[in-house]
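Student: Below are the sequence and a predicted model; questions follow.
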Amino acid sequence: MRSILQHPVAMLTSFALAVVPMIVAPVSADELDDAKLRDKIKDTETVPWVAPQHLGWRLEPSLPKHEAELATARSQFRDPAAIEVFAKAAPGIVYVTDGETGHGSGFFVREDGWIVTNNHVVDGMPFSAERGGQVARIVYGDLDKDGAMQVMPGYLEAVVYKRDETRDLALLKLTKLPAGVRRVPFIERAAKTPSAGTSCYAIGHPSSGVLWTLRVGVISGHGRHPHDHIVPGLLLGVDPQVTREVQAALKDQPFRRTTLSTCGVNPGDSGGPLLDEEGKLIAVTYAVPADVGDRSFSYHVELQEVEEFLKDWPKEPRPTPPSSIPQARNIATADLDEDQINETLVFSVDEESGPKGIWIDIDQDSASSPSKKKMLNRLSTFDPVADWDTEFAMVLQPNKTIFFDTDNDNRMDLIIMPRNERKSIQMTLKNDRWTVTTATEIFPAKPFQSAEMNERWRTFAKLFE
């Protein structure tokens, strides 16, 4: 059997989804609270699959003052521009976190508290029915007389107003400004994207550094991710058929205009600014190469993408639902209702570990489709999103999240997020708009519009009660 990683089109997908390593703590089956489910899925059939993976988050803080006291300190640096950039920009850079699972970087883009960071930084942020969307905790700081940033006590809250997965950008706004502050320091945007060879500066909160770590480098180049980053490796000097396959796969794939630099960013810098010699924004950090040996350069969302993203300032939060795709590399099938038909996909890190999530085809129409043959033949082309008709999904890590396709139109439209210490959250899709409310049930008795589907659902619901 040919491995999926040996297929050129599969390599394309893998590269697009795995620019940087995923940071996920392994969880054993014994840690799951769904004992019935765990027992049911011991006997599974493995299906080849490569799951999405990318960087976790690590982030930063900010706010300014002492300008006069910095004159002496500036003269002591070999790169006077670097200290000038740091003094000007660092107070506008913040630390974004949920207070539990990790952090990332962000920065103010307006004096009234609007913040830009990466989409993947806010991906796991908790939802609030009161706020109407996701809420992040924002830590900021101030510049002392020696030119160093000092963390201010406590944290502020910011609501996620919109997200863009393709550009990997998110827009947040503080629920209130810091006490005694009427305007926050913000980072201005440069007039245009600088050319290769231009000096640049990255500031962020790397997990391997300190808060507000400054790195100096140069712009290495610009391109479209993933198109321009992998085409040379897959198309130069290869068989014409391979070339045609890769080009066909690239044709309809969305891309992100990307700036490369030599600033040497790390996990935790995601969402931080890349700055020019005037301390103005020229790009937003989002990734590093997955191969540690290639990390002499870093990926940043190009300025033009940021400008287009900021053309629209929502008046109300536009909630983005969590993904129903578990953070896992291995996929298997299981028969949970014991009717001799494998109607369930089980996602895990590997064949030995416990499940990260499940997808159930309630009406079992996937079993009679071409996807059944793909599974039985263990083909590397099996794609769970395209080849499996899922009406119910449950992601177990990092937070249990339950998904229903209530009208069976291949789109999840009811999402429930159980929370032990907080009110459980429910997201409902209606007229292409998501609303966030408090959930009254974790596993509704009749979630589907079809009576037949609800009858089938009762069989599975007993496993989770």
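Tutor: Perfect, thanks for sending it.
Student: Could you list the low-confidence segments of the stretch 301-450 of the chain?
Tutor: Applying pLDDT under 70 to the stretch 301-450 of the chain flags the ranges 367-381, 420-422.
Student: export stretch 344-364 as PDB, just CAs?
Tutor: Taking C-alpha atoms only, stretch 344-364 is exported to PDB below (Å, rounded to 0.1, in the frame of the first residue of the first chain):
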ATOM      1  CA  THR A 344     -18.600   5.500  13.400                       C
ATOM      2  CA  LEU A 345     -15.300   7.100  12.700                       C
ATOM      3  CA  VAL A 346     -12.900   7.200  15.700                       C
ATOM      4  CA  PHE A 347     -10.100   9.700  15.800                       C
ATOM      5  CA  SER A 348      -6.900   9.200  17.800                       C
ATOM      6  CA  VAL A 349      -3.300  10.300  17.900                       C
ATOM      7  CA  ASP A 350      -2.200   6.700  17.100                       C
ATOM      8  CA  GLU A 351      -3.600   3.200  17.200                       C
ATOM      9  CA  GLU A 352      -2.600   2.700  20.800                       C
ATOM     10  CA  SER A 353      -4.000   5.800  22.400                       C
ATOM     11  CA  GLY A 354      -7.600   6.700  23.400                       C
ATOM     12  CA  PRO A 355     -10.100   8.500  21.200                       C
ATOM     13  CA  LYS A 356      -9.800  12.300  20.600                       C
ATOM     14  CA  GLY A 357     -13.300  12.300  19.000                       C
ATOM     15  CA  ILE A 358     -15.900  10.400  17.000                       C
ATOM     16  CA  TRP A 359     -18.100  11.000  14.000                       C
ATOM     17  CA  ILE A 360     -21.400   9.000  13.600                       C
ATOM     18  CA  ASP A 361     -23.300   8.500  10.400                       C
ATOM     19  CA  ILE A 362     -26.700   8.200  12.100                       C
ATOM     20  CA  ASP A 363     -28.600   7.100   9.000                       C
ATOM     21  CA  GLN A 364     -25.700   4.900   7.800                       C
END
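Student: How far does that stretch sit from its chain's centre?
Tutor: 21 Å (C-alpha atoms, centre = their mean, to the nearest Å).
Student: what does stretch 248-260 give?
Tutor: 18 Å.
Student: Would you mark the buried spots in that stretch?
Tutor: In terms of neighbour count (16 or more other C-beta atoms under 10 Å), stretch 248-260 has its buried residues at 249-250, 256-260. Yep, even glycine has a C-beta here, placed from its N, CA and C like the rest.
Student: what mean pLDDT does that stretch have?
Tutor: Stretch 248-260 shows a mean pLDDT of 83.
Student: Please apply the same query to stretch 271-278.
Tutor: Stretch 271-278 comes out at a mean pLDDT of 97.
Student: Report pLDDT for Pro267.
Tutor: The model's pLDDT for Pro267 equals 90.
Student: just checking, it is part of a strand?
Tutor: No: Pro267 sits outside any strand when classified using DSSP: H, G, I helix; E, B strand; the rest coil, being coil.
Student: Distance of it relative to Val94?
Tutor: Distance, Pro267 to Val94, using C-beta to C-beta, to the nearest Å: 17 Å.
Student: more neighbours, the two?
Tutor: Remark: of Pro267 and Val94, Val94 carries more neighbours, 33 against 20, as counted by other C-beta atoms under 10 Å.
Student: from what I can see the more buried one touches Val109, true?
Tutor: No: contact criterion C-beta atoms under 8 Å: Val94 and Val109 do not qualify, at 11.0 Å.
Student: who touches both of those two?
Tutor: Ile115 (C-beta atoms under 8 Å, 6 or more residues apart in numbering).
Student: so how far is Leu171 from Trp434?
Tutor: Distance from Trp434 to Leu171, by C-beta to C-beta: 16 Å.
Student: The two: who's more crowded?
Tutor: With neighbours defined as other C-beta under 10 Å, Trp434 and Leu171 compare such that Leu171 has more, 26 against 17.
Student: number of nearby residues for the residue lying closest to Glu157 once chain neighbours are set aside?
Tutor: Nearest residue to Glu157, sequence neighbours excluded (C-beta to C-beta, 6 or more residues apart in numbering): Thr175, at 4.8 Å. For Thr175, the count of nearby residues is 13 (other C-beta under 10 Å).
Student: Need phi/psi at Thr175.
Tutor: phi -70, psi -30 (degrees, to the nearest 10).
Student: could you say what helices and strands the strand or helix carrying Leu274 packs with?
Tutor: Element membership for Leu274 (DSSP states H and E) is strand 273-275. When contacts are defined as 3 or more C-beta pairs under 8 Å, 6 or more residues apart in numbering; DSSP states H and E, strand 273-275 packs onto helix 80-89, strand 199-204, strand 281-287.
Student: For whichever helix or strand comes after the shortest one, output the C-alpha coordinates as CSV.
Tutor: The element immediately downstream of strand 199-204 (helix or strand, assigned by DSSP H and E) is strand 213-225. Listed next in CSV are the C-alpha coordinates belonging to strand 213-225 (Å, rounded to 0.1, in the frame of the first residue of the first chain):
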residue,chain,number,x,y,z
THR,A,213,11.2,39.5,23.0
LEU,A,214,12.7,41.5,20.2
ARG,A,215,14.3,39.9,17.1
VAL,A,216,16.1,41.7,14.3
GLY,A,217,16.3,40.4,10.7
VAL,A,218,15.6,41.2,7.1
ILE,A,219,12.7,40.5,4.7
SER,A,220,13.6,37.3,2.9
GLY,A,221,10.9,37.4,0.2
HIS,A,222,7.2,37.2,-0.5
GLY,A,223,4.9,34.6,-1.9
ARG,A,224,1.6,32.8,-1.7
HIS,A,225,1.2,30.0,0.9
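Student: Could you list the paired strands of strand 213-225 along with their orientation?
Tutor: Counting by DSSP bridges, the strands paired with strand 213-225 are strand 199-204 (antiparallel), strand 256-261 (antiparallel).
Student: Okay, helices next: where are they in the stretch 351-465 of the chain?
Tutor: Using DSSP state H, counting those that start in this stretch, the helices assigned to the stretch 351-465 of the chain run over residues 370-376, 384-387, 451-464.
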